[in-house]
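[1] pasting the sequence and the predicted coordinates here, then a few questions.
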Amino acid sequence: MRRRRRHGLELATGCTVAIAALFLAGAGIPAAANPSPPPGSHREVPPEVLAAMQRDLGLTADEARTRISNEYKAGQAEPGWRKNLGSSYAGTWVTGNTAELTVGTTDQAQSGAITASGAKATVVGHSLEKLNAAKDALDRVAEERPPSATTASLWYVDVKSNSVVVQSAQPTAAQRFIDASGVDRAVVRIVESAERPAPLYDLRGGEAYYINATARCSIGFSVTQGTQAGFVTAGHCGDAGDTTTGFNRVAQGTFQGSVFPRSDYAWVATNADWTPTPLVVGPNSTTITVTGSQEAPVGSSVCRSGSTTGWHCGTIQQHNTSVVYPEGTIRGVTRTNVCAEPGDSGGSFVSGTEAQGVLSGGSGNCTVGGTTYYQPVNPILSAYGLTLTTG
């Protein structure tokens, strides 16, 4: 085992769901932000994807299609609301089977403009800027004095409750952690929970690769850096300089960069024998095409594929979550209620046809349900100057 990584490590394949983003009327987008349909938006949604969403989210096929469309449009609208509302902006999220958009603001006077656009307006006490600042303060304390997983197993900005949530098995200890940050107590709430997140190891991946001819992980998304091809994956898979071979044990590439803990991402540069494609393995071995990496708002449906538990869907609970693993605190991951089990790690999360991130860790299982955390893909691309391979 090298430092805190790869002890008998086998992570699941980087596998994304591609659901066509079909545009329908409505969704409450400011007129200036109303986008043109993305490439491929008129393709039919793969029936296997619809079936998985119906199974896991309790939707009809029509509801699944409408939800996908509204989620995509809500994601397109979010930058416009953030800009137009300025310091009063308090986040956007979607709710219900068909993903109805809600926009939060601290300014009652903005409610009319929001509702006139077709979205629901919610007036709250704290701006998103204030919530993010409070979470940043908790992150700084955790970096200086790392909390135990029982003191605070994770914390996140929860736009739906307009608060920063600290999850803890010991609320009294969590309060001391919060006090040490100096944040306004009115902004933070403690949720008691025995959840103990951890990276998901020891599973076979569909699109597997091997690290130093021993441990096994899974490809996340194909990328390029200039003319150099490669892929992104979870950071706990390997260190910079580690070599990889493909699923067929043919020489493949080398880790160029890796971060874990604090974040959980890495990228591997591959040799000329390996060609990056926008394709990932979908449900029932279908081939799915990724069209972009637009971040989906809180409440959106998101699906994950893993070699252990197959294809599962759920919703995005919170962005900007800090979670305490045994190896240290991981910052900036997204929390979901998609189930996973050991070996699903490293698989891809996708909302519609948009890449969201790579599975980092979680708790629970796909028998009783669980919670998972993914490392958003856009910060990985930015950190290494990478371009996502899309179709």
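    Yes, it's here. Numbers count the residues shown, from 1 in each chain.

[2] in this structure, spot the helix with the most residues.
    The single longest helix within the chain, with elements called by DSSP state H, is helix 61-85.

[3] flag every buried residue along that helix.
    By neighbour count with 16 or more other C-beta atoms under 10 Å, helix 61-85 contains the buried residues 63-78, 80-81, 84-85. (Glycine included, C-beta is placed from N, CA and C.)

[4] pull the helix or strand with minimum mean pLDDT from this protein.
    Ranked by mean pLDDT, DSSP states H and E, the helix or strand of the chain with the weakest confidence is strand 198-199, at a mean of 72.

[5] on the three-state scheme, T245 is what?
    With DSSP: H, G, I helix; E, B strand; the rest coil as the basis, the three-state label of T245 is strand.

[6] okay, now it: neighbour count?
    Around T245 there are 17 other residues, counting by other C-beta atoms under 10 Å.

[7] quick one on the thing from earlier: buried residues in the following helix or strand past the longest helix of the chain?
    The helix or strand immediately downstream of helix 61-85 is strand 89-95, counting by DSSP states H and E. For strand 89-95, burial by neighbour count (16+ other C-beta under 10 Å) applies to 89-94.

[8] ok, so of those residues, who is nearest I114?
    T92 (9.9 Å; C-beta to C-beta).

[9] separation between V302 and V94?
    Separation of V302 from V94 (C-beta to C-beta, to the nearest Å) stands at 12 Å.

[10] after the least confident helix or strand of the chain, which helix or strand is next?
    Trace forward from strand 198-199 with DSSP H and E and the next one is strand 208-211.

[11] helices or strands next to that following strand in the packing?
    strand 215-218, strand 243-246 (3 or more C-beta pairs under 8 Å, 6 or more residues apart in numbering; DSSP states H and E).

[12] and the last one, which strands flank it?
    This points to strand 243-246. Note on strand 243-246: by DSSP bridges, its sheet partners are strand 208-211 (antiparallel), strand 251-259 (antiparallel).

[13] of all those, which lies closest to A173?
    Closest among those, using C-beta to C-beta: strand 251-259, at 27.8 Å.

[14] which residues sit against the helix or strand just after the closest one?
    Using DSSP H and E, the helix or strand that follows strand 251-259 towards the C-terminus is strand 265-270. Under the contact criterion C-beta atoms under 8 Å, 6 or more residues apart in numbering, strand 265-270 has outside partners 209, 223, 225, 228-235, 237-238, 244, 252-260, 276, 358, 375, 379-380, 383-384, 386.

[15] now the longest strand along the chain - C-alpha only, CSV.
    In the chain, with assignment by DSSP state E, the single longest strand is strand 310-325. Taking Å, rounded to 0.1, in the frame of the first residue of the first chain, the C-alpha atoms of strand 310-325 are listed here in CSV:
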residue,chain,number,x,y,z
GLY,A,310,-25.0,-2.4,-12.2
TRP,A,311,-27.1,0.7,-13.2
HIS,A,312,-28.7,2.8,-10.5
CYS,A,313,-30.3,6.2,-10.4
GLY,A,314,-31.2,8.7,-7.8
THR,A,315,-31.0,12.4,-7.2
ILE,A,316,-28.4,15.0,-6.3
GLN,A,317,-28.8,16.0,-2.7
GLN,A,318,-26.2,18.7,-2.2
HIS,A,319,-23.2,20.1,-4.0
ASN,A,320,-20.1,21.4,-2.2
THR,A,321,-19.9,18.7,0.5
SER,A,322,-17.0,18.0,2.7
VAL,A,323,-16.8,14.4,3.9
VAL,A,324,-14.5,12.8,6.4
TYR,A,325,-12.9,9.5,5.2
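
[16] name the residues of the helix or strand that that strand is followed by that are buried.
    Where DSSP H and E defines the elements, the next helix or strand beyond strand 310-325 is strand 328-336. Under the neighbour-count criterion of 16+ other C-beta under 10 Å, strand 328-336 has 329-336 buried.

[17] what about G220, distance to V290?
    11 Å.

[18] the two: which has the busier surroundings?
    G220 (34 against 25).

[19] is that one in contact with T233, as I believe?
    Yes - using C-beta atoms under 8 Å, G220 is in contact with T233, at 4.7 Å.

[20] helices of the chain, residue ranges please.
    So, for the chain - with DSSP H - the helices run 47-57, 61-85, 111-116, 128-144, 171-181, 377-384.

[21] rewinding a little: let's have the strands paired with strand 243-246 in a markdown table, adding mean pLDDT, mean neighbour count and distance to V298.
    As requested, the strands paired with strand 243-246 are arranged in a markdown table below (pLDDT from 0 to 100; neighbours: other C-beta atoms under 10 Å; distance: least, C-beta to C-beta, whole Å):
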| stretch | mean pLDDT | mean neighbour count | distance to V298 |
| --- | --- | --- | --- |
| strand 208-211 | 84 | 23 | 32 |
| strand 251-259 | 95 | 19 | 25 |
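
[22] great, nothing more from me.
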